[in-house]
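Q: Requesting a structural model of the entry that follows:
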Amino acid sequence: MIKVSIADNQPVVHFGIKSYFNNNKDISIVGNAQHYEEVQDLMKSKSFDILVIDLELDGLVSINFVKQMIKDFPKVKIIIYSNLSEQIYTPNAIKAGVAAYVHKNSSLEDLEATIKKVAEGEIIFSEDVKKKLALIAKQNKSERLYRKLSSREIEVLRYLSDGKKNNEISKILGLNEKTISTYKLRLLTKLNVTNLVDLVNKAKTLEIV
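A: Presented below is the predicted three-dimensional model:
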């Protein structure tokens, strides 16, 4: 039996996944969390094989948190289950060490198949992810701009797009405010814009946020 825990902000997601896997002969949902702190408690208190987690989980402010979880709990394999843009976030998630990335537009049957393959030791991308990543090489120079962004720059850009100020972002990410300003300047340069409004619009056009 594959033991799975779910970490997601939305109760309906927990209910839907738990209902789908109820009486499943291969997979059992043994834990639930709606905040990153609860995930940490789950990892320490429960024994399970796979964590299915949303990158937008409350308290999960950086992909580096996922990377640290993988380092601290190497026996637990992590599947990202999120609405965030796959072609943007999948590469960084895989670099962090996750076993799979499944978009929430995918069916629960796809999630089930992924869980089973990950339990067998495979690293899985959904077919949609594969297609989108395959298109990257065919994109023009402006469309490939986001590939120059680091995972930290993408995180800062997400918070800027949400309307957060530099001092707010610094507190969320635990960084110096001057460091956030530096990231902001890098983003302006890399995306070839001169102000925050254009930066956010460019990010939305390229589906970075």
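Q: Please make it C-alpha for all contacts and neighbour counts, starting now.
A: OK.
Q: where's the nearest residue to Ser151 once chain neighbours are set aside relative to Glu155, distance?
A: Spatial nearest neighbour of Ser151, excluding adjacent residues (Cα to Cα, 6 or more residues apart in numbering): Asn92 at 6.3 Å. As judged by Cα to Cα, to the nearest Å, Asn92 and Glu155 stand 11 Å apart.
Q: Equivalent analysis for Ala96, please.
A: 14 Å.
Q: So this structure: which segments form each domain?
A: Following the assignment in automatic domain parsing, the chain carries domains at 2-135, 145-205.
Q: so where is the protein shaky, pLDDT-wise?
A: 87, 126-148, 207, 209 (pLDDT under 70).
Q: any idea which residue sits dead centre in it?
A: Leu55 (3.4 Å; Cα atoms, centre = their mean).
Q: May I have the beta-bridge partners of the nearest residue to that residue once chain neighbours are set aside?
A: Nearest non-adjacent residue to Leu55, counting by Cα to Cα, 6+ apart: Ser82, 6.1 Å away. On the basis of DSSP bridges, Ser82 is bridged to His103.
Q: and Ser82, what does it touch?
A: Ser82 sits next to 53-56, 101-104 when contact means Cα atoms under 8 Å, 6 or more residues apart in numbering.
Q: let's see it at 10 Å
A: 8, 52-57, 89, 101-106 (Cα atoms under 10 Å, 6 or more residues apart in numbering).
Q: Can you tell me how far it is from Gln40?
A: Ser82 is 19 Å from Gln40, by Cα to Cα.
Q: Next: Ser19.
A: For Ser19 relative to Gln40 (Cα to Cα), the value is 24 Å.
Q: quick one, strands of the chain?
A: Listed in chain order, the strands of the chain (DSSP state E) span 2-7, 27-33, 50-53, 77-82, 100-103, 124-125.
Q: What are the neighbouring residues in contact with Gln68?
A: Gln68 neighbours (Cα under 10 Å, 6+ apart): 74, 96-97.
Q: Redo the residues you listed as JSON lines? Include distance to Ser170 and neighbour count.
A: Below are the contacts of Gln68 laid out as JSON lines (distance: Cα to Cα, whole Å; neighbours: other Cα atoms under 10 Å):
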{"residue": "Pro74", "distance to Ser170": "29", "neighbour count": "11"}
{"residue": "Ala96", "distance to Ser170": "22", "neighbour count": "19"}
{"residue": "Gly97", "distance to Ser170": "25", "neighbour count": "19"}
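Q: For the residues you listed, give me JSON lines that also has distance to Val193.
A: Listed next are these as JSON lines, based on distance: Cα to Cα, whole Å:
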{"residue": "Pro74", "distance to Val193": "41"}
{"residue": "Ala96", "distance to Val193": "29"}
{"residue": "Gly97", "distance to Val193": "32"}
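Q: re earlier: please dump the strands of the chain into TSV; it should also carry distance to Arg186 for every row.
A: Listed next are the strands of the chain as TSV, based on distance: least, Cα to Cα, whole Å:
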stretch	distance to Arg186
strand 2-7	32
strand 27-33	35
strand 50-53	30
strand 77-82	27
strand 100-103	28
strand 124-125	30
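Q: Isn't Lys117 up against Ile123?
A: Yes. Lys117 lies in contact with Ile123 (Cα atoms under 10 Å); the separation is 7.7 Å.
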